[in-house]
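J.: Quick one: sequence plus predicted model below, questions after.
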Amino acid sequence: MNEVTKQTLRLCAFFLVLCAIATLFLSCKNRNTSYLNEIEIVHINDYSVFPKGAILSGEMNSGSTFYLIREDTAANKMEGFCFIDNNQAVVDKISFYADSTGKTTFYHNNSSYSGKMAVNTASEKIWLRLNEIVPLKIISQTIDLNYFGEIPEKKDCFEFFKENIFEEITTFPDLEYGTTKAYYVSKPFNPASEDNTMAIEAATIIYERCKGKLGLGKMKKEMRSLKLDIYSPKNNTNKLPLLLFIHGGAFLFGDKKINNELQETIMNHLVRKGFIVASINYRMGSLLSIGESINETFHLNIQDTRAALRFLMNNKDVKIDEKQVYLAGSSAGGIIALTTTFMDHSEVSATIKKKLGGLDDSGNSLKADYSIAGVISMWGAVSDLKIVNRPIPTLLFHGTEDKMVPCGKGMPFQNFLQNIDKITLELFKYKITDLTSEIFSLYGSCSIFEHSKKQNYPVKYVQFEGYGHDVHYNKETKSLNKENVNKICNHIGDFLFENVSKHYFNYELHGNTNVNNSEPAPVYCLKGNIGNISVQWYVEGGFITDNNNDYIRVIWYSSCETGTITACITSENGATCKKELKIRIL
């Protein structure tokens, strides 16, 4: 190869390198040249690739982010709004309309501005040419907008334990939770019965018991099966809080079956919201009403209640959250619920422990760890205010004129014993009250409330002014007092929701609630024991630009005066709740 040829080849190679450099330079100088060419070509855009609520974004020359949100569904046009994220808390929304050829008009503060867009269906992007918009400090430029998702459609955020979540209820009836010696463990009664009907039966029971103490009566303790019923949301697979209900009946009557309207209403009210409800039978036939050892009677019933709780914690039919156990009862059941909640092993006297065993020494030998998170007493009481010595959330209901279980301090069973006296005088020629010279005193809801408030314990008292015992029932019409029942159910629902929320949903929304355009875009976060929760965020009056499950960054629209942030939270046990924060846009 001669020297001329070599020189020619060198010049050609040098020229090719220069061409490559020039091409690269031009490409870097205007990265959107091909986009501009594409935009200038007149063709029909197919907008159907982008669904309603589609979000597209791209970087502007200034470094700010341009967002475009679609609000329609047509294939041959597209309209919606856009805004610029320059890290200001409040921005202006810009409406736009694009026809089938890509001709685009932007609207801002009663002025219109032109532009052009071309859709690349294969890569799901838009090449957008913006002309100058002076009020928004936008210079002419082309933006590459990429599709990355849609604005989430706001769905119903059901609040477990507050709203009705479950439609169907599964019942597990007559489960034996233990065995023990007892006079009897079930004696159903009809609250519509005449007072003297119950008085006759009560007088007969007491009379037989009194004869038995002299070795003359037929009523003796025998081994009995202790049973309970469980009501659970159907097909539930998650751990749920438990409400254990204890029936009333002056320690002489009653049954676990949810066959009276108050119990049934409460059960339906709670199970459909996500609670498991259980109802127990327990040992009855005590002569408590005429002075038999109050402490022994209560001890036996505490043993039965704790045996039932141990059984429930070990039961495979339902999944119970052992840290969320609540007790509830009416009348005698309220007394048992309160005493079981506050009595611990150290408060059992040596005499009773020697005679009847410890609190967990009866019914069954099962072991279980659980904690009582709250107690609900409907016209119940305690024998000694000193046992109310812990800050356990307590809800109390009581009629101010109750003569069966006093609202304050007083002798129980007053009207009950008066009715029995009339019967026993006629049938047995003596007054039942002649068998005892002194009836013990009880401390009802009024006394418990005052005591708890002084100790700064969490307590709420719902008073029924002028009502006697069983405020839920109208004896004159022999029907349910629906107004009082609804009041009771609503207070129980609110009480339980407030307390279970502290366990499952102990979160708070934090962030700036007064925003203006002189501040940087705010971040809102959930604080609390986050763990493995899942959060779905919704914003009204603004736009989420960054979502990291437990926090979001939001741009607010200047056209709105107020905004709302909603966090729909799903906890580890599958329960959901809603947290909201109201925002003032200045």
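T.: Arrived safely, thanks for sending. Numbers count the residues shown, from 1 in each chain.

J.: pLDDT score for Glu292?
T.: Model confidence at Glu292, given as pLDDT, is 51.

J.: Please parse this structure into its domains.
T.: 1-28, 33-150, 223-504, 507-585 (automatic domain parsing).

J.: where does the stretch 151-300 of the chain have low pLDDT?
T.: Scanning the stretch 151-300 of the chain for pLDDT under 70 picks out 190-219, 258-260, 287-292.

J.: Show the residue spans covered by the helices in it.
T.: In the stretch 151-300 of the chain, the helices defined using DSSP state H, counting those that start in this stretch lie at 195-213, 261-271, 294-314.

J.: what do you get for the chain?
T.: 3-29, 33-40, 195-213, 261-271, 294-314, 332-342, 350-356, 414-427, 445-454, 482-504 (DSSP state H).

J.: what's the fourth one in contact with?
T.: Under the contact criterion C-beta atoms under 8 Å, 6 or more residues apart in numbering, helix 261-271 has outside partners 166, 169, 231-233, 243, 245, 247, 258, 277, 279, 328, 330, 472-473, 480, 485, 488-489, 492-493, 496. The C-beta positions use only the backbone N, C-alpha and C, and glycine is treated the same way.

J.: What's the ChimeraX line that selects buried ones from these?
T.: Burial among these is assessed by 16 or more other C-beta atoms under 10 Å; the matching ChimeraX selection reads:
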select :166,231,232,233,243,245,247,258,277,279,328,330,472,473,480,485,488,489,492,493,496
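
J.: Narrow the contacts of helix 261-271 to those in strands?
T.: In strands, judged by DSSP state E, the following of those are found: Ile169, Tyr231, Ser232, Pro233, Leu243, Phe245, Val277, Ser279, Ala328, Ser330, Tyr473, Leu480.

J.: which of those lies closest to Lys454?
T.: Minimum distance to Lys454 across these is 24.3 Å, recorded for Ala328 (C-beta to C-beta).

J.: mind listing what that closest one touches?
T.: Leu243, Leu244, Phe245, Ile246, Ile266, Gly334, Ala337, Val375, Ile376, Ser377, Met378, Ile492.

J.: quick one: pLDDT of it?
T.: In this model, Ala328 is scored at 95, pLDDT.

J.: contacting residues around the residue lying closest to it once chain neighbours are set aside?
T.: In space, and not counting its chain neighbours, Ala328 is closest to Ile376: 3.8 Å by C-beta to C-beta, 6 or more residues apart in numbering. By C-beta under 8 Å, 6+ apart, the contact set of Ile376 is Leu243, Tyr326, Leu327, Ala328, Gly329, Gly334, Ala337, Thr394, Leu395, Phe397, Ile492, Phe495.

J.: what number of residues lie near the third one?
T.: If I follow you right, that is Leu327. The local packing of Leu327 (other C-beta atoms under 10 Å) involves 26 other residues.

J.: Leu244 is in contact with that one, correct?
T.: Yes. Counting by C-beta atoms under 8 Å, Leu327 touches Leu244, with 5.3 Å between them.

J.: overlap in contacts of those two?
T.: The contact lists of Leu327 and Leu244 share Thr305, where a contact means C-beta under 8 Å, 6+ apart.

J.: so how many other residues sit close to Asp144?
T.: By other C-beta under 10 Å, the residues close to Asp144 number 18.

J.: any weak-confidence spans in the stretch 351-500 of the chain?
T.: 413-440.

J.: The closest residue to Ile302 other than its chain neighbours: what's it in contact with?
T.: Leaving out its chain neighbours, the residue that sits closest to Ile302 by C-beta to C-beta, 6+ apart is Thr340, at 4.8 Å. Listed by C-beta under 8 Å, 6+ apart, the contact set of Thr340 reads Asn301, Ile302, Thr305, Arg306, Leu327, Ile372.

J.: Look up how far Glu296 lies from Thr340.
T.: Going from Thr340 to Glu296 by C-beta to C-beta, to the nearest Å gives 15 Å.

J.: and the residue nearest to Asp546 when sequence neighbours are not counted, how far is that from Asn146?
T.: Of all residues beyond its chain neighbours, the one nearest Asp546 is Arg553 (3.9 Å), with distances taken as C-beta to C-beta, 6+ apart. Noted for Arg553: a distance of 19 Å to Asn146, by C-beta to C-beta.

J.: Between those two, which is the more surrounded one?
T.: Neighbour count, other C-beta under 10 Å: between Arg553 and Asn146, Arg553 has more, with 19 against 13.

J.: can I get the ones in strands among the contacts of helix 261-271 in TSV with distance to Leu359?
T.: Below are those laid out as TSV (distance: C-beta to C-beta, whole Å):
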residue	distance to Leu359
Ile169	31
Tyr231	26
Ser232	27
Pro233	31
Leu243	21
Phe245	20
Val277	23
Ser279	21
Ala328	19
Ser330	23
Tyr473	33
Leu480	36
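
J.: Would you point out the most distant pair within those?
T.: Distance extremes for those: the farthest pair is Pro233 and Tyr473 at 28.2 Å, using C-beta to C-beta.

J.: What about the nearest residue to Ala307 once chain neighbours are set aside, how many residues nearby?
T.: Spatial nearest neighbour of Ala307, chain neighbours left out: Gly363 (2.8 Å); criterion: C-beta to C-beta, 6+ apart. Number of residues near Gly363 (other C-beta under 10 Å) recorded here: 22.

J.: do the same with Lys355
T.: By other C-beta under 10 Å, neighbour count at Lys355 equals 11.

J.: Next up, the contacts around it.
T.: Glu296.

J.: one more time with 7 Å, if that's ok
T.: By C-beta atoms under 7 Å, 6 or more residues apart in numbering, the contact set of Lys355 is empty.

J.: can you tell me which of the contacts of Ala328 lies nearest to Val91?
T.: Checking the contacts of Ala328 against Val91 with C-beta to C-beta, the nearest one is Ile492 at 47.0 Å.

J.: Appreciated, that's everything.
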